[in-house]
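Chemist: Fold the following for me, if possible:
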Amino acid sequence: LKILGANGNRAANWRAEEIVEQVRLTRASLASAPNGGATGNVFFSMKGLMQNVDSIDDKLMPLYTDQALVPASRWLDRTPPPRPTIVVRPDRATGELVVVITPGEAERSWLWVVQIRHGDTWTTDIIPGTTRTHRLTVPEGSPPPDIVRVSAVDRVGNQGAAASARVPAGAGLRAARSAP
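Modeler: Numbers count the residues shown, from 1 in each chain. Okay, here's the model as predicted:
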């Protein structure tokens, strides 16, 4: 991969393994640094990723298996979106468990963060803010869901307070199963 040098005018060739190791080290620094460490990585240019130079995509893929939000740009807007209202119920057509989302009154949501607890594990789905009904999935081998939380995210990444709802007793048995 061609990386801009430290002085801004020369390029260095870095092997994909070096980039992968930098991501791992950044993640490890989160817990060990006095100020909390770095919270992510920024790839300045997509060119090497798009061309899959030195199989970089294949080597990074195992490190990026979960969805994530882009950090908020609070210098543009500091006001988080309002808390939505949610209802968890079986879908009338399929019987599968869904969460029905009603946005708060002010700002429109860009994204919804849907968190589902099943046993001691939480899973997260990040879905478009235009979505009003979302099918809840349960990882294969997990117990039925018992709590659902939904928060709104605005265009600059501010995440609002989450609404929380308990899953109706017995309804979690009809939740869609997802492959591991």
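Chemist: Just the buried positions in the helix ranked longest in the chain, please.
Modeler: Longest helix of the chain, by residue count under DSSP state H: helix 16-32. Within helix 16-32, the residues scored as buried using 16 or more other C-beta atoms under 10 Å are 16, 19, 23. Every residue, glycine included, has its C-beta placed from N, CA and C.
Chemist: Also stretch 122-132?
Modeler: 123, 125, 129.
Chemist: And the helices in this structure?
Modeler: Taking DSSP H, the helices of the chain run over residues 16-32, 47-50, 56-60.
Chemist: what's next to the last one, contact-wise?
Modeler: This points to helix 56-60. 1, 16-17, 19-20, 23, 48-49, 52 (C-beta atoms under 8 Å, 6 or more residues apart in numbering).
Chemist: Among those residues, show me the least confident.
Modeler: Least confident of these in the model: Leu1, at 45.
Chemist: hmm, which helix or strand of the protein has the shakiest average pLDDT?
Modeler: strand 2-4 (a mean of 42; mean pLDDT, DSSP states H and E).
Chemist: In contact with Asp154, which residues are there?
Modeler: Asp154 touches 77, 79-81, 107-110, 160, counting by C-beta under 8 Å, 6+ apart.
Chemist: er, Thr79 I mean
Modeler: Thr79 makes contacts with 107, 154, 158, as judged by C-beta under 8 Å, 6+ apart.
Chemist: Nearest residue to the first one in space, please, no chain neighbours.
Modeler: Distances taken as C-beta to C-beta, 6 or more residues apart in numbering place Pro81 nearest to Glu107, at 4.7 Å, with adjacent residues excluded.
Chemist: Quick check: that neighbour vs Arg155, distance?
Modeler: 9 Å (C-beta to C-beta, to the nearest Å).
Chemist: same question, Asp91
Modeler: To Arg155, Asp91 is 30 Å away according to C-beta to C-beta.
Chemist: that older thread, from the contacts of Thr79, which is closest to Val114?
Modeler: Nearest to Val114, judged by C-beta to C-beta, of the contacts of Thr79 is Asp154 at 16.3 Å.
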